[in-house]
Structures are given as C-alpha cells and as structure tokens.
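Student: here is my input; please provide its structure:
(one chain, ligands or ions: 3)
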Amino acid sequence: MAGVYEVQHPLIDCHLSRLREATTRPEEFRSLVRRVATLLAYEATKDLAVEATRVTTPLTETAGCKLAERIGLVPILRAGLGMVEPVLDLIPSAEVWHLGLYRDEATAEPVEYYSKLPPGRPVDTALVVDPMLATGGSVMAAVETLYAWGVQRIKVLSVLAAQQGIDDFAARFPDVQIFVCRIDPELNANKFIVPGLGDAGDRIFNTPQR
Ligand SMILES: O=P(O)(O)OC[C@H]1O[C@H](OP(=O)(O)OP(=O)(O)O)[C@H](O)[C@@H]1O
Ligand SMILES: O=c1cc[nH]c(=O)[nH]1
Ligand SMILES: [Mg+2]
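Tutor: Numbering: from 1, shown residues only. Ligands and ions are numbered 1, 2, ... in the order given. Okay, the predicted model is just below:
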C-alpha cells in the first residue's frame, strides 16, 4: 500500500524531543537516530516477502521462514549513513547501495556526486534512508535513480519531514511509501525544516558550520 505513514509511538516522541534539543551532543544524537531508525524500520518492513523453510530445533523439526526478496538499503550521503547500522542489524542480508547527494546551499537543489549502481540486477525492494526530507528534492532524486536502475518497490525512511516536501513527493511518486517520525509544518527561507532539528548531517558527524 502506498502512502505516508507518520509512525505513532511514545518512544519515537521522546527520542525525537531529545533530537530536536539544540544542546544534544553528537554522541547522543547518533544514538537517538539509531533508535528511531530501528522503530521506523520495524514499521516499514512489515510486508516483506518470506518463504517457508523447515528448521531443526534441539528437540524437533518445525516450520520456519526466510526472506524471499533482495533488500537494498540506500543511504543518502552523508546523513543517511546514521541510519544504516540499525537497519542492517534487522536485515543483515541487505545490500547497501550508497547515493551521494548534497543540497546546494544557495538553491536548495540536490546535487548528485556518488552513485555506483551496477547495470542490471536491481534489488527487489529498496529502503531509502535519510533523516531529513525538507523540500523532498534529495529523496526524489534518489528515487528517480532507483527507478532508472529498475527497482520495483521503494520505501523511504526519514526521521523528520516538512509538509510541503511530503506533499510534493507523494504527488510525484504515489507508489512509494514514506515512513516518518513526524511531519513538521514549515520550511524557513533557507528551506530548513521548522521546528526541525537543524542540519542532521552536521549534528551526526560533529561538523559545525561556524
Ligand atoms: O529534502 P531536501 O530539501 O533535499 O533536504 C534534505 C537533504 O538535506 C540534507 O542533506 P545535506 O544536503 O545537508 O547533505 P549532508 O547529509 O551531506 O549534510 C539531508 O540529509 C537530506 O539529504
Ligand atoms: O532542516 C533541514 C533541511 C535539510 N537538511 C537538514 O539536515 N535539515
Ligand atoms: Mg547536512
């Protein structure tokens, strides 16, 4: 089912509050991103296809299952890297395909600087991870790239989104599911999410701009 899912969970609410706090230091910020990424991934992976297997326990044989699809985990550099480890912990067989995109500071338009997707053999389902969906430009560029690779099913996992970016994304890609912790109402003049949490990449990697 396509659509936008604002995941409701008290732990998400509490962790997001700490993420928003301007005084939260990078070490805690990274840890909070990991926690909410786990909760988002739990929601986003509920419909993954599995196939039946048999397992032999120490006592007997019984029914089991294993994943029946190739999962691609697609972090948008840099900030998306902060969400890779928790999702890989849940899906150790996932393939990680990095996409490098940064937002031009003057125009807020995405600029692609890294993509090594091979010709052919696309994954079955791609989970795009990026903590922030502001105008939606970066994630839209990533989805275009994945469709061009041939991926059939794409899901986006973001910590925070702006209403405008979500609306634009959903209008352009109605078949892509988006899982977010919260949709904030506004973008400011610099296209930052308000109330937001600031620059996620800088807060994860401890690279203050001034
Ligand atoms: O929805 P958008 O308007 O495109 O904005 C969101 C993008 O901006 C941030 O990346 P940034 O350009 O700061 O790069 P970084 O992760 O390397 O810091 C963020 O991690 C998203 O990729
Ligand atoms: O609010 C925003 C917008 C884009 N990128 C961020 O990291 N934060
Ligand atoms: Mg950044």
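
Student: switch to C-alpha atoms for all contacts and neighbour counts from now on
Tutor: Will do.

Student: which phi and psi does Ile50 have?
Tutor: Actually, residue 50 is Val. It isn't Ile. phi -130, psi 160 (degrees, to the nearest 10).

Student: same check on Leu90?
Tutor: phi -80, psi -30.

Student: buried set for the helix or strand hosting Asp89?
Tutor: For Asp89, the host element (DSSP states H and E) is helix 84-90. Across helix 84-90, burial judged by 16 or more other C-alpha atoms under 10 Å covers Val84, Pro86, Val87, Leu88.

Student: what about that helix, near ligand 1?
Tutor: No: using C-alpha under 6 Å from any ligand atom, helix 84-90 never reaches ligand 1; the gap is at least 13.2 Å.

Student: what does this structure have sitting close to ligand 1?
Tutor: Counting by C-alpha under 6 Å from any ligand atom, the chain sits next to ligand 1 at 76-79, 102-103, 108, 110, 130-138, 200-202.

Student: residue contacts, the residue nearest the centre of the chain?
Tutor: Geometric centre of the chain, nearest residue: Val129, 2.1 Å, by C-alpha atoms, centre = their mean. Counting by C-alpha atoms under 8 Å, 6 or more residues apart in numbering, Val129 touches Leu73, Val74, Pro75, Ile76, Gly80, Leu81, Met83, Val84, Val156, Leu157, Ser158.

Student: which residues in this structure form strands?
Tutor: Under the criterion DSSP state E, strands of the chain are mapped to 3-6, 50-56, 61-67, 71-77, 95-96, 99-103, 110-115, 125-129, 132-133, 153-162, 177-184, 186-187, 193-194.

Student: good, wrapping up.
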